[in-house]
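Participant: Here is the input, now give the coordinates:
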Amino acid sequence: MSALGELATIRKSKGVKATKSPAERGDNKAAIFFLAPWFVGLFLITAGPMIASLYLSFTDYSLLQPPSWIGIENYARMLEDVRLHNSLKVTATYVFVSVPLQLAAALALALFLDRGLRGLALYRSVYYLPSLLGGSVAIAILWRQIFGTSGLINQVLGFFGIQGQGWVSHPDYALGTLMILNVWTFGAPMIIFLAGLRQIPEMYYEAAQIDGAGRLRQFASITLPLLTPIIFFNLVLQLIGAFQSFTQAFVVSGGTGGPVDSTMFYTLYLYQRGFTNLDMGYASAMAWLLVVIIAALTAVNFLLSKYWVFYND
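Facilitator: From the prediction side, this is the model:
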């Protein structure tokens, strides 16, 4: 033991508190300085507007006149708002159909890429690209052209002698085209799945092969159970993101909600009430309802996760 160590031991045994150096005291001035912009953004850009919107949700506010307090009237109006009910139904259908399909496609492609292909970095970049562009206006416009009356889909069908139609303008198919667009943006969960697959020890598969387990049995007994934390993580993120989808529906439907409100997402209806009808108080109440819905679903996912998510301790 060094002399300094012996001195520290003697001082401790005698109840003498050693004087700590600035580094030992944990001088956090530098950390606070660098975190300050983040805290400013948190309070001014996130927390401040949220608190303001909570107040406005109890007011009658048109953006042109000062808000006037009306209590829970905005929330009571939601019970009789047929378009709001329809937007919730459309959004729920979109979320609970497209998200599982998106995660399934992402996992399937991650399994394919995990086989050690040459040029893996290029494949990952190419497949990740839709996630970067999927929520952009350009891709939404492109999607509208692909599924339009004279779009690529109808041109391919016409080659086989099949009469196409305007898919985005038909109430039975318009929402389906947006689901396909969401499934196509599988890049982000795919990269996360691929990282999770790389963390599974190879010795598990070697032991399973010795026992005679085939690829399907290995996938069901090894890959899926060990990948459930990653599946859970992707599920929560994609559910939250899908509930907040706006650009695709706005551009593809021209901001109208599509034929017979078939693509009237909740966020799109919120936008219409707030910025088209200038009913900002009601729109604020709608925003908080969305927060409650997302928080409730997230809480349910966490509660159910203990039954199907397995952590490798």
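Participant: drop to CA atoms for contacts and neighbour counts, all remaining ones
Facilitator: Fine.
Participant: For Ser98, which non-adjacent residue is closest in space?
Facilitator: Met179 (5.2 Å; CA to CA, 6 or more residues apart in numbering).
Participant: wait, isn't that neighbour in contact with Phe96?
Facilitator: No. Applying CA atoms under 8 Å, one finds Met179 not in contact with Phe96, separated by 10.0 Å.
Participant: Look at the two and report which has more neighbours.
Facilitator: Taking other CA atoms under 10 Å, Met179 and Phe96 do not tie; Met179 has more neighbours (21 against 13).
Participant: roughly how far apart are the more buried one and Leu297?
Facilitator: 20 Å (CA to CA, to the nearest Å).
Participant: Figure out how far the helix or strand where Ala295 lies is from the centre of its chain.
Facilitator: Per DSSP states H and E: Ala295 is located in helix 280-308. Helix 280-308 has its C-alpha centroid displaced from the chain centroid by 13 Å (CA atoms, centre = their mean, to the nearest Å).
Participant: same thing with stretch 231-240?
Facilitator: Distance, centroid of stretch 231-240 to centroid of chain: 6 Å (CA atoms, centre = their mean).
Participant: Show me which positions of stretch 275-292 end up buried.
Facilitator: 278-288, 290 (16 or more other CA atoms under 10 Å).
Participant: same deal with stretch 154-174?
Facilitator: 154-155, 164-169, 171, 173-174.
Participant: Now tabulate these in JSON lines and tack on secondary structure, distance to Leu63 and pLDDT.
Facilitator: Shown next, in JSON lines, are the buried residues of stretch 154-174 (DSSP: H, G, I helix; E, B strand; the rest coil; distance: CA to CA, whole Å; pLDDT from 0 to 100):
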{"residue": "Asn154", "secondary structure": "helix", "distance to Leu63": "44", "pLDDT": "87"}
{"residue": "Gln155", "secondary structure": "helix", "distance to Leu63": "46", "pLDDT": "87"}
{"residue": "Gly164", "secondary structure": "coil", "distance to Leu63": "45", "pLDDT": "80"}
{"residue": "Gln165", "secondary structure": "coil", "distance to Leu63": "41", "pLDDT": "82"}
{"residue": "Gly166", "secondary structure": "coil", "distance to Leu63": "38", "pLDDT": "81"}
{"residue": "Trp167", "secondary structure": "helix", "distance to Leu63": "37", "pLDDT": "87"}
{"residue": "Val168", "secondary structure": "helix", "distance to Leu63": "33", "pLDDT": "85"}
{"residue": "Ser169", "secondary structure": "helix", "distance to Leu63": "33", "pLDDT": "84"}
{"residue": "Pro171", "secondary structure": "coil", "distance to Leu63": "33", "pLDDT": "89"}
{"residue": "Tyr173", "secondary structure": "coil", "distance to Leu63": "36", "pLDDT": "90"}
{"residue": "Ala174", "secondary structure": "helix", "distance to Leu63": "33", "pLDDT": "90"}
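Participant: which residues sit against stretch 138-153?
Facilitator: If you take CA atoms under 8 Å, 6 or more residues apart in numbering as the criterion, stretch 138-153 is touched by 133-134, 154, 164-169, 177, 181, 247-248, 251-252.
Participant: Low-confidence stretches in the stretch 151-300 of the chain?
Facilitator: Counting by pLDDT under 70, the stretch 151-300 of the chain contains no low-confidence range.
Participant: can you give me the helices in it?
Facilitator: Under the criterion DSSP state H, counting those that start in this stretch, the stretch 151-300 of the chain carries helices at the ranges 152-159, 174-184, 187-198, 202-210, 215-218, 224-243, 247-252, 266-271, 280-308.
Participant: Out of these, which is closest to Ile32?
Facilitator: helix 224-243 (29.2 Å; CA to CA).
Participant: Can I get that closest one as PDB, trimmed to CA atoms?
Facilitator: Extracted in PDB, the C-alpha atoms of helix 224-243 (Å, rounded to 0.1, in the frame of the first residue of the first chain):
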ATOM      1  CA  LEU A 224     -37.300 -14.900 -30.500                       C
ATOM      2  CA  PRO A 225     -37.000 -15.200 -26.700                       C
ATOM      3  CA  LEU A 226     -33.700 -13.400 -26.600                       C
ATOM      4  CA  LEU A 227     -34.900 -10.800 -29.000                       C
ATOM      5  CA  THR A 228     -38.100  -9.900 -27.000                       C
ATOM      6  CA  PRO A 229     -36.500  -6.900 -25.300                       C
ATOM      7  CA  ILE A 230     -35.700  -5.500 -28.700                       C
ATOM      8  CA  ILE A 231     -39.100  -6.300 -30.000                       C
ATOM      9  CA  PHE A 232     -40.700  -4.600 -27.100                       C
ATOM     10  CA  PHE A 233     -38.500  -1.500 -27.500                       C
ATOM     11  CA  ASN A 234     -39.400  -1.200 -31.300                       C
ATOM     12  CA  LEU A 235     -43.000  -1.900 -30.500                       C
ATOM     13  CA  VAL A 236     -43.300   1.000 -28.100                       C
ATOM     14  CA  LEU A 237     -41.400   3.400 -30.400                       C
ATOM     15  CA  GLN A 238     -43.300   2.500 -33.500                       C
ATOM     16  CA  LEU A 239     -46.700   2.700 -31.700                       C
ATOM     17  CA  ILE A 240     -46.000   6.200 -30.500                       C
ATOM     18  CA  GLY A 241     -44.700   7.300 -33.900                       C
ATOM     19  CA  ALA A 242     -47.700   5.800 -35.800                       C
ATOM     20  CA  PHE A 243     -50.200   7.600 -33.500                       C
END
